[in-house]
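>>> I'll drop the sequence and a predicted model, then ask my questions.
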Amino acid sequence: MAKVDIVRHLPGAVFCGTCEVIITDDENNIVRLVEPSGNVGTQYPKELAAQWFGTIENLNAGLARGGVTWGDVYKTDVLWTTPSSDREACDAYKDSYNAVYASMIKAVTGCSLNSNRMARFTHTEGFPDPEALFEVQIKAIKGEGVAVGGGKIDSGLWVDHQPSGASVLHNDAQGNSVATLGSDLSKEMEFVLVEQYEKKLAEQGVDFKTQTAWMEILVAVDDDPGQTWNRVETVRKVMANYFGDHRPAGLIYPVSRIPNLDGIVEPEPRCVVGEGVEIDRSGEIVDGFSTWTAIRRSGVTEVMVSGVGGDDAAVILGTIDARVRAAGGTGLKADGVFNNAYVVAGEDSSANRDSFTEFNGPFSAYYEGTVPAGRTAQFVPGFMTEGTPFGISNRSIFAR
């Protein structure tokens, strides 16, 4: 009989240090998921390589709490503090980080890089720690017969496809690198969905339109801030037209820039296929996404709750709790594994910092007397819909 045990290590007021999930399915297969909360390396000087070294140290400690190593990591999110609105400054920053990214992981951990990656320049305000040049979030998995790499987790019976984020960047028929399709954003989004995901995943036996459970979409806006919400709505409409009745759960939000500095949009999907896998959808669409999707297999359910915006963290968490329950869970406090938090920043840095305090107060109060899930948090130019000051998305896991 399926069983899910969630261990939340090093609990704090708004997040635990590492969330460890021990899953036993109906066939008695055991898998351990380990997810440290978002980490920064500010114990070292404010320099990219130094803070990356420190971040790796901190993440290693988080992984060790759950008995895994960097070699078990299958997904990495890199959140860069935007250095400037200038394109060239962002390009230099990206190149400097990438120059040390993989080599330092291997040097510090002894593990080769198996993980996919999605990166973005979030906002000039950065993160709750104002000294942080970036924040990194990773996910790891370990189990007999489970292999990670190539943007997927393969157990033999089921495959969890989590490819790296993709933009329009590609090589054309002549082998030339193409970084933009021009000013038509609809065309750009359609190209990424079809050429970068649908066709490539079809080669691996995935029906992208019907088997996508989750979609995170980044929309770059710093090159033309006045078009922020026009761009978000354009991308949202393309996604809705493409997926139709099979809308995944997910979130869409503006960022300063994506790594392809000539592109505007970067989606990243999650598709799960295999023996006995079912993907349920809530049947309710809010902000262009299913309010939740549930991945069910062998007595275990993982619920992906779409981004919920609002002006009170406790109310947002209450909405997420209701969606976890609607999907068959006990609730957010019992089943929650990870929360991603977003605070919309303006031009006044002091006001931005105050807004995090305002956000964290009711967030902490919601979890009082319990142990909260893991969390990462970031400043962004916007979240889901215009005028929303805060947002949260969630993953929860339970035995069905």
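Structure received.
>>> for the rest of this, base every contact and every neighbour count on C-alpha atoms.
Noted.
>>> I'd like to know which elements the helix or strand hosting Gly62 is packed against.
Element membership for Gly62 (DSSP states H and E) is helix 48-65. For helix 48-65, the packing partners by 3 or more Cα pairs under 8 Å, 6 or more residues apart in numbering; DSSP states H and E come out as strand 16-24, strand 30-36, helix 87-109, strand 134-143.
>>> closest to Asp312 out of these?
Nearest of the helices and strands packed on helix 48-65 to Asp312, taken as Cα to Cα: strand 16-24 at 20.8 Å.
>>> and the closest one, how far out from the chain's middle?
How far strand 16-24 lies from its chain's middle: 17 Å, per Cα atoms, centre = their mean, to the nearest Å.
>>> again with stretch 283-293
Centre-to-centre, stretch 283-293 and its host chain are 17 Å apart (Cα atoms, centre = their mean).
>>> buried residues in it, which are they?
Using 16 or more other Cα atoms under 10 Å as the test for burial, stretch 283-293 gives 285, 287-293.
>>> only the buried residues of the helix holding Gly62, if you could.
Applying a neighbour-count criterion of 16+ other Cα under 10 Å, the buried positions in helix 48-65 are 48-49, 51-63, 65.
>>> mind listing the strands for the stretch 201-350 of the chain?
For the stretch 201-350 of the chain, the strands defined by DSSP state E, counting those that start in this stretch cover 212-220, 249-255, 265-274, 278-281, 285-286, 289-290, 292-297, 300-310, 336-344.
>>> any idea of the angle the longest one forms with strand 336-344?
Taking axes from the mean of the first three to the mean of the last three Cα atoms, to 10 degrees, one finds that strand 300-310 is oriented at 20 degrees with respect to strand 336-344.
>>> and if you look at the first one?
Counting by the same axes, to 10 degrees, strand 212-220 points 20 degrees away from the direction of strand 336-344.
>>> can you put the strands of the stretch 201-350 of the chain in JSON lines and add distance to Val73?
What follows is the strands of the stretch 201-350 of the chain, written out as JSON lines (distance: least, Cα to Cα, whole Å):
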{"stretch": "strand 212-220", "distance to Val73": "19"}
{"stretch": "strand 249-255", "distance to Val73": "22"}
{"stretch": "strand 265-274", "distance to Val73": "16"}
{"stretch": "strand 278-281", "distance to Val73": "24"}
{"stretch": "strand 285-286", "distance to Val73": "32"}
{"stretch": "strand 289-290", "distance to Val73": "28"}
{"stretch": "strand 292-297", "distance to Val73": "20"}
{"stretch": "strand 300-310", "distance to Val73": "19"}
{"stretch": "strand 336-344", "distance to Val73": "16"}
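>>> low-confidence ranges in the chain?
Confidence mapping of the chain against pLDDT under 70 gives zero matching residues.
>>> how is it partitioned into domains?
30-144, 158-274 (automatic domain parsing).
>>> in JSON lines: those, plus distance to Thr370.
Formatted as JSON lines, these follow (distance: least, Cα to Cα, whole Å):
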{"stretch": "domain 30-144", "distance to Thr370": "17"}
{"stretch": "domain 158-274", "distance to Thr370": "26"}
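>>> what's the closest of those to Asn339?
Among the domains of the chain, domain 30-144 comes nearest to Asn339, with 9.1 Å by Cα to Cα.
>>> circling back: between the domains of the chain, which gets nearest to Asp348?
Minimum separation from Asp348 across those (Cα to Cα) falls at domain 30-144, 9.5 Å.
>>> residues making contact with the next helix or strand after the helix holding Gly62?
Next helix or strand after helix 48-65 toward the C-terminus (DSSP H and E): strand 73-80. With contacts defined as Cα atoms under 8 Å, 6 or more residues apart in numbering, strand 73-80 is touched by 114-123, 126, 133-141, 148-149, 151-153, 162, 378.
>>> ok, Ala89 - how many residues close by?
12 (other Cα atoms under 10 Å).
>>> swap in the one 3 residues further on?
Residues contacting Ala92 under the criterion other Cα under 10 Å number 12.
>>> same check, this time on Leu218
Residues near Leu218, counting by other Cα under 10 Å: 28.
>>> now Arg296
Per other Cα under 10 Å, the neighbour tally for Arg296 reads 20.
>>> pairing partners for it in the sheet, please.
On the basis of DSSP bridges, Arg296 is bridged to Glu278, Thr301.
>>> my guess is it contacts Gly274. True?
No - contact between Arg296 and Gly274 fails when scored by Cα atoms under 8 Å: they sit 10.9 Å apart.
>>> contact partners for the residue lying closest to Tyr197 once chain neighbours are set aside?
Excluding the flanking residues, the one nearest Tyr197 by Cα to Cα, 6 or more residues apart in numbering is Phe208, at 7.2 Å. Phe208 sits next to 197-198, 201-202, 271 when contact means Cα under 8 Å, 6+ apart.
>>> Thr385 now?
Per Cα under 8 Å, 6+ apart, neighbours of Thr385: 229, 287, 309.
>>> also Arg32?
20-23, 66, 141-143.
>>> can you tell me the SS state at Val194?
helix (DSSP: H, G, I helix; E, B strand; the rest coil).
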